[in-house]
Every structure is written in C-alpha cells, then in structure tokens.
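Participant: quick check, what structure comes out for this input:
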Amino acid sequence: MGADQGRPPKNVPEAMRGEMLTAAQTAAARNFVNEISGSTRMLAHGLLYVGKGNLAYIQEQIEQNQPDSWKGYNISNAAKVDNDPNSLMRPWRHDDEAVAYPTFELIEKTYQKVKASKPGFKNICVHKGLAPGPPDPERGHPHDLPKAAKDWPNLNFITYHACIQPAFFLYDSLQEVKSGKLRGGVPDINWTTEYAQVVAPFKNCYAEIGTTWASSIVTFPTVAAHIMGQLMKFMGPDRIVFGSDSVWYGSPQWQIDALWRFQIPEELLKKYGYPEITEADKRKILGLNSAKLYGIQEVSARDLAKYKPVPKDYEKRMSKDLKTIMELPGYTADNMSKFKENYRAADAEPSLRRYGWIRA
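Facilitator: Reported below is the predicted structural model:
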C-alpha cells in the first residue's frame, strides 16, 4: 500500500496507513467470535509483507497474532528488500530468491513448530489479477508461480481471483472468448487460461475464484463456463476453492446458489474437452478443499450439538480493548452507530446521480 507522503512506504508502520484492516484487527475479530461462540468459527490471515527488511514484522505477527495462514499482494508496495531504513518498499514476485524466499523460509520453519494447532499456516494466499497493465508478475501475471511452487513444495500457493486480468467486469474476457484465439486448445482468457496451464503440474497450487465467479456468473455466464471448465481441465476439482469477496458483494448466498445450479454447457464440454462438473466436485469447491487446506475435520453428529449460536448480546461482550483495536481512523467503535445521526445533522442531501458501467 502507499504511504501518506505521496511515495511508497519505507516501513510497515507507514504501509499500515493504507491498509483497510491491520493484522491485529483481523486476529482480534477472529479471537472474539471464536470465544463467544465456544468453537472455531473464524480463521485469520497474517499480512504477507515480504523481504529481509520485513522479517521482524512477520515474526511479530507469529508471536502476537498467531495467524492461520498468510495473505499478500504482488501489486502493492509490500516488499522491504533490505534493512536500510530509508529504502522504499516495492511490489514483489513469488520467485524472487532474494526477496520472497527469506519470508517463505521463515514461514516454512515456523510451520514445522505450529502445524499441530495451525495446519493452514503454510498457505500462501496472494491476490493476483484484477489489474490492468502488461503481463508482469508484479502486476498479477502468473509466470512467477511455477518456480516458487517447485522450490517450496511444502508450501501451498493459493492464487486469489485465479489471476483474471480484468477488474470486476468481464466484458473484455467475453471478447477474448469470441475472438477464437486459443491457448492450449481452449479460449485464451487473460490471464486465467495461462495461469491454469502453467501451474497444472504443481499440486501445491490452488485457484481461488472470489470476484472472478461473482463478476461472471450472472452477467457473463459463457465466460464463467469457460473459466470453470479450464480450471477443472488443467487443475482438477481438488485444487479449486470457493471465495465470495462478500465484503464487496454482500451476502454470498447468491454466489453459492449459482454454483449449485451451474453446469458447463454440453457444447463446450465436447468442443474444448472440459470435464463435467459433478455434485461431488461442487462440494469440494464450496468447502471441502478449503477444509483440507486448513486441517478442518468433519464433525460428528454428537459433536455438532456442541456448536451454539453466537449470543444475541455479543455487542455487550465486546471489551474496551477490542473496541479500541477495531475502531476506524478518527472514530471510536461506539461512534459507528452515530454516522446516520451526524449525516442528518449536517443537512446532507443525496446527489441522485445514476452511477454504473457505461460503454460506448
């Protein structure tokens, strides 16, 4: 993320100014929900800030937050290459031996110590795609994954958004399908087709479909069919995981329902050799694959009775410390309920403008 000074950050504290959620906030929310529910309902990523200059921050998160896995962005200024306090952080790539590999080494070594309690600690989840620009791994292109996957066979590389290049609106992907251009015998959808093919041999690479599925299944179902068909064909149903990005789209139920009803058209199965997606495949994609990645075991009927609803008075159970850590910049958590009152007090009026996608 960027810093307030109009330049890339020099260190993690500067980078935190651009984060929507800090690692501490994520861990605090997980801990609170799990505590009041009496069971593990939430898991939490640690922030994947790579490079020798960020190793101390990775260690700090391990000790203070006990992350369940790691989430990062190639595209953001998240790599501190050295320990020079004046050097700027920059984007990074998975296969950079001098930058990413020291971080992977620390995570792998720590995993050996915590794997009994944190089976998903070795999951390296990285946002790729949803980024315009040339095919550069630091912009989300997948060419940095094969070497990293080969060099770190004990880590899992989970690629968020399955590398789809367009951001949120897949009209360009539809045009690519219609163009007739093929890659490996299937329509060449930037950059997802290439991603599925280059990571196909590596069993520790997984495609996450958050936003990619939401952006295509309703408005561009043909694109959704090709994407799912290609991931199934080249990677298989055991290496696709569902993601909803529901923080942007609201309740994920519509995406889940769409996947349950989804079938790849017969014409595409025959023409491109896509495998049929079965109910068993959908169960894997919707949850079983992720459960395996995080070591979540099937719960027996007897144990299921132990799971209780989250208490209705959960707000009253929030401690002062939790409210403080979860507050937005410039506000306290208690003031969230006053936003509407303050809006009305300011005599603000809606613009009544219509916003949306416009294409000539």
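Participant: can you map out the strands along this structure?
Facilitator: With DSSP state E, the ranges of strands along the chain come out as 45-47, 69-73, 123-127, 156-160, 182-183, 186-187, 205-208, 240-241.
Participant: what would those look like in TSV with mean neighbour count and mean pLDDT?
Facilitator: Heads up, the C-betas are built off the backbone N, CA and C, glycines and all. Rendered in TSV, the data for those read as follows (neighbours: other C-beta atoms under 10 Å; pLDDT from 0 to 100):
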stretch	mean neighbour count	mean pLDDT
strand 45-47	23	98
strand 69-73	22	97
strand 123-127	23	98
strand 156-160	23	98
strand 182-183	13	98
strand 186-187	22	98
strand 205-208	24	98
strand 240-241	24	98
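Participant: what's the closest of these to residue 260?
Facilitator: strand 240-241 (14.8 Å; C-beta to C-beta).
Participant: need the strands of the chain in JSON lines (columns: distance to residue 283).
Facilitator: As requested, the strands of the chain are exported to JSON lines (distance: least, C-beta to C-beta, whole Å):
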{"stretch": "strand 45-47", "distance to residue 283": "24"}
{"stretch": "strand 69-73", "distance to residue 283": "22"}
{"stretch": "strand 123-127", "distance to residue 283": "20"}
{"stretch": "strand 156-160", "distance to residue 283": "19"}
{"stretch": "strand 182-183", "distance to residue 283": "30"}
{"stretch": "strand 186-187", "distance to residue 283": "25"}
{"stretch": "strand 205-208", "distance to residue 283": "16"}
{"stretch": "strand 240-241", "distance to residue 283": "12"}
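Participant: who wins for proximity to residue 233 among these?
Facilitator: strand 186-187 (7.2 Å).
Participant: how far does the closest one sit from its chain's centre?
Facilitator: 25 Å (C-alpha atoms, centre = their mean, to the nearest Å).
Participant: tell me what that strand is packed against?
Facilitator: helix 171-179, helix 221-234 (3 or more C-beta pairs under 8 Å, 6 or more residues apart in numbering; DSSP states H and E).
Participant: give the buried residues for the last one.
Facilitator: For helix 221-234, a neighbour-count test (16 or more other C-beta atoms under 10 Å) marks 222-234 as buried.
Participant: could you give the angle of that helix to helix 171-179?
Facilitator: Here helix 221-234 runs at an angle of 70 degrees relative to helix 171-179 (axes from the mean of the first three to the mean of the last three C-alpha atoms, to 10 degrees).
Participant: name the helices or strands packed onto helix 221-234?
Facilitator: So helix 221-234, by 3+ C-beta pairs under 8 Å, 6+ apart, packs with helix 171-179, strand 186-187, helix 192-198, helix 212-216, strand 240-241, helix 266-272.
Participant: which other residues reach the third one?
Facilitator: Same thing as helix 192-198. 128-129, 141-143, 145-146, 159, 162-165, 183-184, 186-188, 207, 212, 227, 230-231, 233-235 (C-beta atoms under 8 Å, 6 or more residues apart in numbering).
Participant: count of residues packed around residue 152?
Facilitator: Using other C-beta atoms under 10 Å, residue 152 has 21 neighbouring residues.
Participant: just checking, it touches residue 108?
Facilitator: Yes: contact criterion C-beta atoms under 8 Å: residue 152 and residue 108 qualify, at 6.8 Å.
Participant: on that earlier part again, turn the helices and strands packed on strand 186-187 into TSV, including distance to residue 35.
Facilitator: Output for the helices and strands packed on strand 186-187, formatted as TSV (distance: least, C-beta to C-beta, whole Å):
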stretch	distance to residue 35
helix 171-179	43
helix 221-234	37
